[in-house]
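> Fold the following.
(2 chains)
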Amino acid sequence: MIELKEIRKSYDVGKQKLEVLKSIDLHIEAGELVSIMGSSGSGKSTLLNIIGILDEYDSGDYTLNDTLIKNLSERKAAFYRNRFLGFVFQSFNLLSFKNALENVALPLYYQKVRRKKRNIKAMEYLDMVGLKEWAEHMPGELSGGQKQRIAIARALIADPKVILADEPTGALDSQTSFEVMEIFKEVNDAGKTILIVTHEDDIAHKTDRIIKLRDGIIVDEEIAIAS
Amino acid sequence: MFDYDKWQEIWATIKKNKLRTALTMFGVFWGIFMLMVLLGSGNGLETGVRIGFESWATNAGFMWGNKTTMAYEGFKPGRYLRFYNEDIIALRENVKGLDKLAPRNSLGSWRGGNNVFRGNKSGPFNVYGDYPDFQHIQIVNMVKGRHLNDYDLKEKRKVAVLGQEVVNVLFKSDEDPIGDYIKINGIYFKVIGVFKSLRTDEMATRDMQTVYIPFSTFQQAFNYGNRVGWFSFTAQEGIPVSLVEKNMKDVLKKRHHVDPEDHAAIGSNNLEEEFGRINGLFFGISLFNWIVGIGTLFAGVIGVSNIMLIIVKERTKEIGIRKSMGATPLSIISLILQESIVLTAFAGYIGLVLGTFLLEGINYAMEKFDLNSDMFAHPGVDFRIALTAFGILIICGAFAGLIPARKAASISPIEAIRVE
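Next comes the predicted model:
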């Protein structure tokens, strides 16, 4: 599903170049539940941005769902983001002036799905994360766990190939984190490929495979036995 | 492009920043409001002055005899020039481009002693001997009866056309002057028509203190022989009055043995030059109004642009989130552009409506209290100009949104992930 070959990425810092990713090779099969670990500055966020087509890479090849993701136009990138990927963020990133239902339906809006159809589908996904009764509520009226569940419903609604989660439990207490991870597991059991960036060991250990990153290279990989 | 979701979003942003939106919109509102008021007042000024001119053919000229200043063909300087009926025929035959030629004689004045009588009523009025053609030179509004015609002239009928002021003095309000008789310098004339002036104020009053009688009747009744007081005339369409004027002078100088270089011997003036000056003046005024109005409008539009930039800055994260959900740059641009256009168009529309209301209100009040004068009358803006201004406004709104929209489209979706 995800195939990275000798991916390099550097940023210009003044006159010097800061190498963030130094030849990353990574292969993730369809249906895997993978976590990426690393301290801050290890390059894990940059890696996630590249996989999420939010950032470009300098050299190498990135293939997503048998499609080479390289030198895309803004429009093409937007299209692949919409069709292939679903994002879950640490700070939820719900639109504050839209209610839960509208937030979930947003990716379908960019697929030009009719409003009525969109809302029916959004309601299904809200039901799936157990928040059907909260459909009309604004994000400000919801707890952190509820917000993240809405964000997950939003990531899933367009039926993407891969779910990318950036510290999805970073702003949640351990009980809620656990619940969120349960949802991820359910989604994964249903066959979705999921990639989670985290620095929490116990979260990482709930995934099938842990990739450890340090100073822009993959230093360790372990196959965890799902507890 | 204009779907429900975008309207909802525009509404959401406006609701979130009521004061800021209101202030921005006020800028645009004020711009278009000022433009409307300036243009409307300019129109009022112009209409006022033009009404004063409306009663005259715009290509009219006048010519009269003065004293000669140069000796010529045996005549001494200082001779007083007089024109006669033969000059009328000569001018008609020899001057190209001459359209109407109306020789005139006059008697009395609104400043002089009483010269027009009816029973025991009398008043001082201007009495003119005129050709029927004169009604094409000074245009009046006939309220009763008719103006002079060719038969009156040919048959030297003793008929008179009175101004409304004359009627007011000589007749009671319930009397019909038509068919009745008035006495001018001891001679009776039958009233055949009553006219009102097209002008306003004292000018109109003065116009209407006038009695027109046939030119031929005038000469015979008041012992003018075949003398002509002065000429009034118009040029044919497309021919400058000044040229006709010059040709007429050449003909008259030749007939009356005046040195061709003696420019003071025949006096003349024409309305063309004055019209030219007035047109120039009003062109200047309206140009000034447009520049000031558009400038004000422009300032308002820049305000909108600035606010949109701030809005884009504030919505950086939201735009990033949208992009990560698959929003194309085009959809982001249209979002910001639409908001900007809606803001400007709505504010401008209010300015347009209020400006029009104000002008119409002033117009109504002036009409009601009879305040229209030859300085200011019927202020108002042409509907087409208002529509043009509205079109300009929408284009301005689009331009105001363009820079912020492009900035918004270039926001990287990484912004959405960055945790502050």
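> going forward, measure contacts between C-alpha atoms and count neighbours the same way
Will do.
> okay, and for chain B, where does confidence drop off?
Filtered on pLDDT under 70, chain B yields the residue ranges B:1-3, B:109-110, B:372-374, B:416-417, B:419-420.
> quick check: domain ranges of it?
B:4-54+B:276-418, B:60-272 (automatic domain parsing).
> who are the neighbours in contact with B:Q135?
Going by C-alpha atoms under 8 Å, 6 or more residues apart in numbering or on different chains, B:Q135 touches B:H147.
> before we move on, back to that, closest one to A:E200 among the domains of chain B?
domain B:4-54+B:276-418 (18.3 Å; C-alpha to C-alpha).
> which residue ranges form the strands in the chain?
No chain in the question, so chain A it is. A:2-13, A:16-28, A:33-37, A:59-64, A:67-68, A:85-88, A:162-166, A:193-198, A:209-214, A:217-223 (DSSP state E).
> not what I meant, chain B
B:60-65, B:83-84, B:98-107, B:116-118, B:121-123, B:126-130, B:141-145, B:159-163, B:181-184, B:187-196, B:210-214, B:227-228, B:230-235, B:266-270.
> Nearest to chain A, out of those?
strand B:141-145 (66.7 Å; C-alpha to the nearest C-alpha).
> buried set for the closest one?
Using 16 or more other C-alpha atoms under 10 Å in any protein chain shown as the test for burial, strand B:141-145 gives B:M142, B:K144.
> Show me what that strand is packed up against.
strand B:187-196 (3 or more C-alpha pairs under 8 Å, 6 or more residues apart in numbering or on different chains; DSSP states H and E).
> List the buried residues in the strand it packs on.
Buried residues in strand B:187-196 (16+ other C-alpha under 10 Å): B:Y188, B:F189, B:K190, B:V191, B:I192, B:G193, B:V194, B:F195, B:K196.
> roughly how far apart are the first one and B:L153?
I take that to be B:Y188. B:Y188 sits 17 Å away from B:L153 when distances are taken as C-alpha to C-alpha, to the nearest Å.
> center of chain A - which residue?
Residue closest to the mean C-alpha point of chain A, counted by C-alpha atoms, centre = their mean, is A:L164 at 1.5 Å.
> Specify the beta-bridge partners of it.
Per DSSP bridges, the residues bridged to A:L164 are A:F87, A:L195.
> mind listing what residue 144 touches?
Picking chain A for this. A:A171, A:L172.
> I was after chain B.
When contacts are counted by C-alpha under 8 Å, 6+ apart, B:K144 touches B:I178, B:G193, B:V194, B:F195.
> got the residues you listed as TSV, with distance to A:K206 columns?
Shown next, in TSV, are the contacts of B:K144 (distance: C-alpha to C-alpha, whole Å):
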residue	distance to A:K206
B:I178	113
B:G193	110
B:V194	108
B:F195	105
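> near chain A, from these?
Among those, no residue lies close to chain A (C-alpha under 8 Å from any C-alpha of the partner chain).
> of these, closest to B:E86?
Checking the contacts of B:K144 against B:E86 with C-alpha to C-alpha, the nearest one is B:G193 at 29.7 Å.
> From B:A102, how far off is the closest residue to the closest one other than its chain neighbours?
With C-alpha to C-alpha, 6 or more residues apart in numbering or on different chains as the criterion, B:G193 has its nearest non-adjacent residue at 4.1 Å, and that residue is B:G145. According to C-alpha to C-alpha, B:G145 and B:A102 sit 22 Å apart.
> Please apply the same query to B:M248.
Distance from B:M248 to B:A102, by C-alpha to C-alpha: 13 Å.
> From the neighbour counts alone, determine which of these two ranks first.
Ranked by neighbour count (other C-alpha atoms under 10 Å in any protein chain shown), B:M248 and B:A102 place B:A102 first, with 23 against 20.
> Report the contact partners of that one.
B:A102 makes contact with B:D130, B:Y131, B:P132, B:D133, B:F134, B:F231, B:S232, B:F233, according to C-alpha under 8 Å, 6+ apart.
> now those residues as JSON lines including distance to chain A and neighbour count?
As requested, the contacts of B:A102 are arranged in JSON lines below (distance: C-alpha to the nearest C-alpha, whole Å; neighbours: other C-alpha atoms under 10 Å in any protein chain shown):
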{"residue": "B:D130", "distance to chain A": "81", "neighbour count": "24"}
{"residue": "B:Y131", "distance to chain A": "80", "neighbour count": "23"}
{"residue": "B:P132", "distance to chain A": "78", "neighbour count": "22"}
{"residue": "B:D133", "distance to chain A": "75", "neighbour count": "19"}
{"residue": "B:F134", "distance to chain A": "75", "neighbour count": "21"}
{"residue": "B:F231", "distance to chain A": "80", "neighbour count": "19"}
{"residue": "B:S232", "distance to chain A": "77", "neighbour count": "23"}
{"residue": "B:F233", "distance to chain A": "75", "neighbour count": "25"}
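> and the residues you listed, which two are the farthest apart?
Put simply, by C-alpha to C-alpha the two of the contacts of B:A102 set farthest apart are B:P132 and B:F231, 13.4 Å from each other.
> how about the residue in chain B that chain A sits nearest to, phi and psi?
At 4.3 Å from chain A, B:G326 is the closest residue in chain B, using C-alpha to the nearest C-alpha. B:G326 has phi and psi values of phi 110, psi 20 when expressed as degrees, to the nearest 10.
> Pretty sure it sits against A:K76.
No: the pair B:G326 / A:K76 is not scored as a contact, 9.5 Å apart, by C-alpha atoms under 8 Å.
> neighbour-wise, which of the two wins?
B:G326 (30 against 14).
> show me what contacts that one?
Taking C-alpha under 8 Å, 6+ apart, one finds A:A77, A:A78, A:F79, A:Y80, A:R81, A:N82, A:R83, A:P107, A:Y110 in contact with B:G326.
> go again using 6 Å as the cut-off
B:G326 is in contact with A:A78, A:F79, A:R81, A:N82, counting by C-alpha atoms under 6 Å, 6 or more residues apart in numbering or on different chains.
> ok, so of those, who is nearest B:D201?
Distances from B:D201 to those, taken by C-alpha to C-alpha, are shortest for A:A78, at 72.5 Å.
> nearest residue to the closest one other than its sequence neighbours?
B:G326 (4.3 Å).
> Quick check: that neighbour vs A:D166, distance?
17 Å.
> need the residues of chain B near chain A, please.
B:M325, B:G326, B:A327, B:T328, B:P413, B:I414 (C-alpha under 6 Å from any C-alpha of the partner chain).
> out of the residues you listed, what pair is the most spread apart?
Maximum distance among the residues of chain B next to chain A (C-alpha to C-alpha): 14.8 Å, for B:T328 and B:I414.
> List the contacts of the longest helix along chain A.
As assigned by DSSP state H, the longest helix anywhere in chain A is helix A:174-189. With C-alpha under 6 Å, 6+ apart as the test, helix A:174-189 has contacts from A:G145, A:T169.
> tell me which residues of it are tucked away?
A:T176, A:S177, A:F178, A:V180, A:M181, A:I183, A:F184, A:K185, A:V187, A:N188.
> other SSEs contacting the longest helix along chain B?
In chain B, assigned by DSSP H, the helix with the most residues is helix B:271-314. Helices and strands touching helix B:271-314, by 3 or more C-alpha pairs under 6 Å, 6 or more residues apart in numbering or on different chains; DSSP states H and E, are helix B:18-54, helix B:383-409.
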